[in-house]
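A.B. asks: Quick one, fold the following:
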Amino acid sequence: MQLNVINKTISLPDGRTISVETGKLAKQADGSVVVRMGNTMLLATVVSNKEAKEDVDFLPLSVDYQEKFASSGKIPGGFLKREGRLSDYEILISRLVDRAIRPMFPDDYHADTQVNISLISGDEDALPDSLAALAASSALAVSDIPFNGPISEVRVARVNGEFVINPTMSQKDEADLDLIVAATIDNILMVEGEMKQVSEDEMLDAIKAAHEAIKEQCKVQLELQEEAGKTEKREYSHENDDEELKERMQKELYDKVYAVAQQQIRDKQERSETFSGIKDEFVESFDEEDEVDTALISRYFKSIQKEACRNLVLNENKRLDGRALDEVRSIWSEVDYLPSTHGSAVFTRGETQSLSTVTLGTKLDEQLIDGAMYSGSNKFMLHYNFPGFSTGEVKPNRGPARREVGHGNLAWRALKVVLPEENPYTIRVVSDILESNGSSSMATVCAGSLALMDAGIPVSASVSGIAMGMISDSETGKFGILSDILGDEDHLGDMDFKVTGTEKGITATQMDIKVDGLSYDVLKQALEQAREGRLHILNEMKKTIAEPRPDLKPNAPRSEVLKIEKDMIGAVIGPGGKIVQEIQKETGATVVIEEDDRNGIVSVFAVNKDSMEDALKRIRAIVAVPEVGEVYDGVVKSIMPFGAFIEFMPGKDGLLHISEIKWERLEKMEGVMEVGEQVKVKLVDIDKKTGKFRLSRKVLLPKPEKKEEKAS
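C.D. replies: Have a look, this model is predicted:
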């Protein structure tokens, strides 16, 4: 069988290469490619139905990224021993690809479309998440599916002041800026990542560096598409249109919709009902014998409403709820709301509200991670919940959807930067969204920051977040940048982005751009307006709590960490764990023992102060180093003809020779001491060769005076 294999190579700035190959694997898919960098290989396939389902007015696109365990020579954990549902990490990569490619499909293309990306070979020196969107776009390029690409994504990290494209794992860990950037040859599409309190200008420089690399990857995809003979895409007709109805609705309804927008109704429910009333009135205007296509009417009405609300901003600098473009909604917050949690906070901004809690756990509560590329543990978790009642809807609770996973991850990235480096606790933050009308993820950041401070976690700074939007007109050049966007404004705009940070700088960002030709000057202006809004929110938060509480809550577990010599770990654990289990049982404390390159690390957790002190006292006694000249309270363990063996420290026995018991000479040991008797002794010597301890009791007793000799 003869294969028509096409292989293209992309060069990175540091000399490494990426290859894109098609024509060898998965040829029955509409498009398939294998992308390789180092030993990392991704197989991407795309399949799209020829026809759309009836009355579908959106793109039913699904993107799934999955890492095969075999790619890294691993067998999955658990009972099934096979890949199961996507992990949160895989969901996050799927979302990155989805957000990059979805806007590039034609607006009227509504056929079910599926993109699958599989890691088939893994290499830590070539992280696969930065290659996934390149693979997806390349698969679309070699298919006949309509797609206004190509696009690509790269990771850009700043390591020692220099930008690195698609860094290795070790370089990524050293970076103070880590962004995934998606773009076409001409325009930025999506940005997401985390930073260690960097400035807006530094983030823009990173985006520019990423875009230069993306341009080259897009050019290679165009060459691949041409060689594969896929420059002509399939014809389709997925929308039924009624131009007469469309023109009638525009003529009759636009002014009415615009007038409602001008009313600047603050209440979300009232505003929605007022808009819907216009559409309902129009539907009722038809006679009973008329054929009414309600799906078509709904689609045209959405378009009219979007146009009117956008024009309100562009023509009058007014917003739906009456605020100025840079105005943040009213804020109130409260901490210590829940008496039994380790930390809690309520943060409300406008009609968006988060109730967040902090729970402190021990090393035993860490999240275990078993992935194809990474296995380890996680000491900081943030979970975001979005129940239906938060928007007045009926929705079954079936676990977190991809949106919840993505929003939670953004808040997690925003807050982890300010956590203390020496942190003995496993920390879990949970954000329950109780109301939602715009940027509940940013409310989660604010509430989470307040709750951490309420819990007494010594965070380095308070963190706030703000969601921004932009509405623009390419023909007139007009644009409006909106601070703290509503849910309605999120759907109306050409750009929405979320920025979190401290007073010093940005900690995380998520940006989606839906318009061509957005200049860096406009983006810079938007980021500056976001900074001002973010600082305003920080000031409001400080009115509730300005710094972490000096102590943990009474019901929170206390923790102390002891560093011990590595060779003392066994002594603390004891044979079969006997000693450490005994300490935990008798004191009620939890003792966790680890080791690093130099020391043994003993972490002790206890809610009760007495339990903590008792456990620490026992551990310190075990690991204490005997010192010559020190006096100890010992216990007689055994008696021999030549003396007694005394346990003067836990697990440490020394010889109290018969000559060291009293100043008077003893002929035998009978009747002098008993096993179990307590005796105070002094450590007088440690044999350098054998390590044996020599004790003395008589040196602690008054020395008898010598009797004077009688005169002769």
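
A.B. asks: The stretch 201-350 of the chain: strands as residue ranges?
C.D. replies: 331-335, 343-349 (DSSP state E, counting those that start in this stretch).

A.B. asks: Run a quick neighbour tally on the residue lying closest to Asp293 once chain neighbours are set aside.
C.D. replies: Leaving aside its sequence neighbours, Asp293 sits nearest to Asp242 (Cβ to Cβ, 6 or more residues apart in numbering; 6.9 Å). From N, CA and C alone the C-beta is placed, and that goes for glycine too. Neighbour count of Asp242, defined by other Cβ atoms under 10 Å: 13.

A.B. asks: looking at it, Asp242 is touching Ile297, isn't it?
C.D. replies: No. Judged on Cβ atoms under 8 Å, Asp242 makes no contact with Ile297 at a distance of 9.3 Å.

A.B. asks: Could I get the buried residue list for stretch 225-236?
C.D. replies: Gln225, Ala228, Lys230, Tyr236 (16 or more other Cβ atoms under 10 Å).

A.B. asks: Now for the second one: which residues touch it?
C.D. replies: Looking back up the chat, that one is Ala228. Shown in contact with Ala228 (Cβ atoms under 8 Å, 6 or more residues apart in numbering): Ile6, Thr22, Gly23, Ala141, Val142.

A.B. asks: Now with 7 Å, please.
C.D. replies: Ile6, Thr22, Val142 (Cβ atoms under 7 Å, 6 or more residues apart in numbering).

A.B. asks: Who wins on neighbours among those?
C.D. replies: Thr22 (27 neighbours).

A.B. asks: So in terms of bridging, what pairs with it?
C.D. replies: Ile6 (DSSP bridges).

A.B. asks: can you list the weak-confidence ranges in the protein?
C.D. replies: Low-confidence segments of the chain (pLDDT under 70): 1-2, 706-712.

A.B. asks: Let's see that with 50 instead.
C.D. replies: Counting by pLDDT under 50, the chain has low-confidence residues at 710-712.

A.B. asks: just checking, what's the longest helix in it?
C.D. replies: If you go by DSSP state H, the chain has its longest helix at helix 200-227.

A.B. asks: any idea how far Lys689 is from Ser696?
C.D. replies: 20 Å (Cβ to Cβ, to the nearest Å).

A.B. asks: neighbour-wise, which of these two wins?
C.D. replies: Shown here are Lys689 and Ser696; by other Cβ under 10 Å, Ser696 has more neighbours (18 against 5).

A.B. asks: didn't that one look like it was pressed against Glu660?
C.D. replies: Yes. Using Cβ atoms under 7 Å, Ser696 is in contact with Glu660, at 4.1 Å.

A.B. asks: wait, which of the contacts of Ala228 is closest to Glu281?
C.D. replies: Closest approach between the contacts of Ala228 and Glu281, by Cβ to Cβ: Val142, at 49.9 Å.

A.B. asks: Hmm, Lys230 and that closest one touching each other?
C.D. replies: Yes. Using Cβ under 7 Å, Val142 is in contact with Lys230, at 5.3 Å.

A.B. asks: anything in contact with each of those two?
C.D. replies: Counting by Cβ under 7 Å, 6+ apart, nothing touches both Val142 and Lys230.

A.B. asks: so which of the strands of the stretch 201-350 of the chain comes closest to Gly517?
C.D. replies: When those are ranked by proximity to Gly517 (Cβ to Cβ), strand 343-349 comes first, at 31.8 Å.

A.B. asks: how much does the next helix or strand after that closest one deviate in direction from strand 331-335?
C.D. replies: The helix or strand immediately downstream of strand 343-349 is strand 352-361, counting by DSSP states H and E. With axes from the mean of the first three to the mean of the last three Cα atoms, to 10 degrees defining the directions, strand 352-361 sits at 20 degrees from strand 331-335.

A.B. asks: so what strands line up beside strand 352-361?
C.D. replies: When DSSP bridges is applied, strand 352-361 pairs with strand 343-349 (antiparallel), strand 426-435 (antiparallel).

A.B. asks: Can you tell me which of those is packed in deepest?
C.D. replies: Neighbour counts (mean count of other Cβ atoms under 10 Å) averaged over each of these peak at strand 343-349, with a mean of 26.

A.B. asks: Restrict that strand to CA atoms and write it as CSV.
C.D. replies: The C-alpha coordinates for strand 343-349 follow below in CSV (Å, rounded to 0.1, in the frame of the first residue of the first chain):
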residue,chain,number,x,y,z
GLY,A,343,-12.0,30.3,57.4
SER,A,344,-14.9,31.8,55.5
ALA,A,345,-15.9,34.9,53.5
VAL,A,346,-18.9,36.3,51.5
PHE,A,347,-18.0,38.6,48.6
THR,A,348,-20.8,40.3,46.7
ARG,A,349,-20.3,42.6,43.7
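
A.B. asks: Show me how far it is from its chain's centre.
C.D. replies: 20 Å (Cα atoms, centre = their mean, to the nearest Å).

A.B. asks: Can you tell me what sits against that strand?
C.D. replies: For strand 343-349, with Cβ under 7 Å, 6+ apart as the criterion, the contacting residues are 329, 331-338, 353-358, 443, 446-447, 450-452, 454-455, 484, 553.

A.B. asks: From what I see, Leu92 and Asn409 are in contact.
C.D. replies: Yes. Using Cβ under 7 Å, Leu92 makes contact with Asn409 at a distance of 5.6 Å.

A.B. asks: how about the residue nearest to Asp293, phi and psi?
C.D. replies: phi -130, psi 90 (degrees, to the nearest 10).
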